[in-house]
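Q: model this:
(one chain, ligands or ions: 1)
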Amino acid sequence: MSIGQTKMTNYNNKDRIETDIIGWFEEVAEESVDVQRQTLRRILELNHGVEYLKKWIGDIRIQEMDDNEMESIYASLVPLASHVDLEPFTQRIADGDTTPLLTQQPITNLSLSSGTTEGRQKFVPFTQHSSQTTLQIFKLAAAYRSRIYPIRGGGRILEFIYSSKQCETKGGVIVGTATTHYYASEEFKIKQQQTQSFTCSTREVISCGDYKQSTYCHLLLGLYFSHEVEFVTSTFAYSIVQAFRSFEEMWKELCHDIREGTLSSRINIAKVQKAVLGTTQPNPELASRIQSVCEKLEKEDWFSIIPKLWPNAKYVYSIMTGSMQPYLTKLRHYSGELPLVSADYGSTESWIGVNVDPKTPPEKVTFAVIPTFSYFEFIPLYRHKSNHNYQNGNINSTNYDFIEGDPVPLSQVKTGQQYEVVLTTFTGLYRYRLGDVVEVEGFFKNTPKLNFICRRNLILTVNIDKNTEKDLQLVVERGSQILSKSKQAELVDFTSHANVATQPGHYVIYWEIKGEIDEKVLDECCRDMDASFVDHGYVVSRRTKSIGPLELCIVEKGTFKKILEYYIGNGAALSQFKTPRCTGNKVLLKILNVCTIKRFYSTAYG
Ligand code: AMP
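A: So this is what the prediction gives:
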């Protein structure tokens, strides 16, 4: 077969794979209720007799019961669990216990979930099923994107992806982040072949373990292949923003390396040097073109850099929802006219939903639950409001942030209701509370479409007030609008803390900003944010002065990079990093307080 014919066959294959995978998903979405029960049955069959399940259901073979009975007996015998309930098991696995604890198949890999949201990392079982579902959702999402934004088969992707170091526990189990395991898996290669899109960077660059060196090489190779790049991506939007912020500082060095075919002394890992230098050659023409574009872009604050340097890119693709939403302004700035396509919803524990409508703006995107990946339950959540009507479910417990109803299976979720997601996975998690709050926005066929709202328990509270991550995000958005109106400064990143060390307690919001701004404007931002918390408990407490004025701390440039580095130093990977939006972590608070250069106190509420 000639090369031309091979290429043609690959493209035909690509089309066939796309049609097949969409056809498959639409079928399982249509039959989602039955498919969910089959999924539960299969998980219980595969893992029958494992120690964790035996503890709760003994020898009863509930997977042999009829669908309704199986679902309800499972939910009545196996309790909801959180990570602490699982920890003794994952620890035994890490220590080398090979008896069937959570799954019948031995677990050889453990993932570290980013933990940046809760301040500490967690071990989560990782099996081949995890890589296979990752491949499956990536192919499915690519197929939906390709319907709206077709890309050239055989093209390249500028991917800002990063592995952390993989290490072995004393029991011989390999530990790394989920993305690290995935990039090291066969499935990562297969995805490139089947979607006919190839990452610009070599494996050595992705897995070098030093995010600064990886970023430089991603940019260098991305520029080197700039005419072939079909789209720009990362797992979470933070990484793209972080990469282009670095680009602003390193572009001259990058141009120099392209012109001369050299590699900056920033790169000191031998296998990365070898891999990159083996790929690139001197290209003075390309270097001159990049230089003249950058000289102009520098004067325009790098607006629209992505399409200007990657003229064939069709879109920018990444997770832009939840805690990534605050980076949208900057991402839009860098992307200019290019569409932003919001990537799918998942976690180290399991993939959950796919974006079937890539044209939807990130602020409105929803995720259609994939009913074959895990068995999903949903705990109805109600806000603490005196006038709330709780007719839609049995209220069984009051938690810190929300009032909870009884968990329901996927077949019973209601549009407009918020829920916490509960997972039963092929990797040995049973009725595991994920800690994410979602809202059902509607249905795709018969599977719910979820809107990601926020993480639970990321909450600002001093006394009777309760503000979630989402509430804080809205308030900060208000404040930062005042900043951006001035056109002189922009918000780089933020976090918060409920300070109860002094009386009365009060909220502290930390901002890193780029640019110079009048103190009067910052005063206004502070006052406006304080007045924008609508939670009844907060408003009442502020009026009665049982919560003190909101404090806005401006931290020096680079503070949030220090926070990133603190997490990376503790084994997190840039690919999965999320700035904690509310923290009580002493190390973080120390960094933030040492780096505070200005403080403002709200005058709202007199
Ligand atoms: P990790 O702990 O690194 O596995 O991150 C998983 C968490 O990231 C999820 O539980 C969510 O809180 C968040 N996340 C993942 N995908 C999305 C998404 N598409 N939108 C918003 N948040 C997401």
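
Q: Tell me how many other residues crowd the closest residue to Gln105 other than its chain neighbours.
A: Excluding the flanking residues, the one nearest Gln105 by CB to CB, 6 or more residues apart in numbering is Thr127, at 6.6 Å. Using the backbone N, CA and C atoms, a C-beta is placed for each residue, glycine as well. Residues lying near Thr127 (other CB atoms under 10 Å) number 19.

Q: do the one 4 residues further on as well
A: The criterion is other CB under 10 Å. On that basis, Ser131 has 22 neighbouring residues.

Q: measure the residue nearest to Gln105 to Arg433 for me?
A: For Thr127, the distance to Arg433 equals 21 Å [CB to CB, to the nearest Å].

Q: again, but for Pro407
A: According to CB to CB, Pro407 stands 9 Å off from Arg433.

Q: give me the beta-bridge partners of the residue in the stretch 401-550 of the chain that the ligand sits nearest to?
A: Going by CB to the nearest ligand atom, the ligand is nearest to Phe452 of the stretch 401-550 of the chain, at 3.9 Å. Beta-bridge partners of Phe452, counted by DSSP bridges, are Val438.

Q: Report how many residues lie close to it.
A: 24.

Q: Kindly report the same for the one 5 residues further on.
A: Other residues within reach of Asn457, judged by other CB under 10 Å, total 16.

Q: For Pro407 and Arg433, list the residues in contact with both.
A: Leu80, Ile379, Val422 (CB atoms under 8 Å, 6 or more residues apart in numbering).

Q: Tell me if I'm right that the last one and Tyr430 touch.
A: If I follow you right, that is Val422. No. Using CB atoms under 8 Å, Val422 is not in contact with Tyr430; the gap is 9.7 Å.

Q: quick one on the thing from earlier: I figured the residue of the stretch 401-550 of the chain closest to the ligand was touching Val438, is that so?
A: Yes. Counting by CB under 8 Å, Phe452 touches Val438, with 5.8 Å between them.

Q: I'd like the domain boundaries of this structure, if you could list them.
A: Domain assignment for the chain by the TED database gives 150-165+190-338, 460-601.

Q: end to end, how far does the longest one reach?
A: Between the opening and closing residues of domain 150-165+190-338 lies a distance of 14 Å (CA to CA, to the nearest Å).

Q: That one close to the ligand?
A: Yes. For a cut-off given as CB under 6 Å from any ligand atom, domain 150-165+190-338 has contacts with the ligand, namely Ile319, Thr321, Gly322.

Q: Can you pull up the most central residue in the protein?
A: Phe236 (4.9 Å; CA atoms, centre = their mean).

Q: now that one: how far from Lys562?
A: For Phe236, the distance to Lys562 equals 19 Å [CB to CB].

Q: Contact partners for the closest residue to the ligand within the stretch 151-300 of the chain?
A: Residue nearest to the ligand within the stretch 151-300 of the chain: Ala178 (6.0 Å; CB to the nearest ligand atom). Ala178 is in contact with Ser111, Leu112, Ser113, Val124, Phe126, Ser130, Thr134, Thr348, Gln576, counting by CB under 8 Å, 6+ apart.

Q: which ones among those are found in helices?
A: Those of the contacts of Ala178 mapping onto helices are Ser130, Thr134, per DSSP state H.

Q: overlap between the contacts of Ala178 and the residues near the ligand?
A: Within the contacts of Ala178, those near the ligand by CB under 6 Å from any ligand atom are Ser113, Thr348, Gln576.

Q: By pLDDT, give me the weakest of those residues.
A: pLDDT across the ones next to the ligand among the contacts of Ala178 is at its lowest for Ser113, which sits at 76.

Q: Tell me the residues of the stretch 301-450 of the chain that contact the ligand?
A: Ile319, Thr321, Gly322, Asp344, Tyr345, Gly346, Ser347, Thr348, Leu434, Asp436.

Q: can you pull the pLDDT of the fifth one?
A: Just to be clear, that refers to Tyr345. 97.

Q: Please name the residues that touch the residue nearest to it when sequence neighbours are not counted.
A: Residue nearest to Tyr345 in three dimensions, not counting chain neighbours: Phe367, with 3.9 Å by CB to CB, 6+ apart. Neighbour list for Phe367: Asp344, Tyr345, Ile352, Gly353, Val354, Asn355, Lys449, Leu450, Asn451, Phe452 [criterion: CB under 8 Å, 6+ apart].

Q: One more: Ser350?
A: Contacts of Ser350 by CB under 8 Å, 6+ apart are Thr133, Phe373, Ser374, Leu423, Thr425, Thr427, Leu429.

Q: Recalculate using a threshold of 7 Å.
A: For Ser350, the contacting residues are Phe373, Ser374, Leu423, Thr425, by CB atoms under 7 Å, 6 or more residues apart in numbering.

Q: since we're on the last one, how many residues are nearby?
A: Looking back up the chat, that one is Thr425. When neighbours are counted by other CB under 10 Å, Thr425 registers 26.

Q: go on, the second one?
A: By other CB under 10 Å, 28 other residues sit near Ser374.

Q: if I look at it, how far off is Arg42?
A: 11 Å.

Q: Same check on the last one?
A: Going from Thr425 to Arg42 by CB to CB gives 11 Å.

Q: quick one, what contacts the residue nearest to the centre of the chain?
A: Phe236 neighbours (CB under 7 Å, 6+ apart): Ser318, Ile319, Met324, Gln576, Lys578.

Q: For it, list each beta-bridge partner.
A: In beta-bridge terms (that is, DSSP bridges), Phe236 pairs with Ile319.
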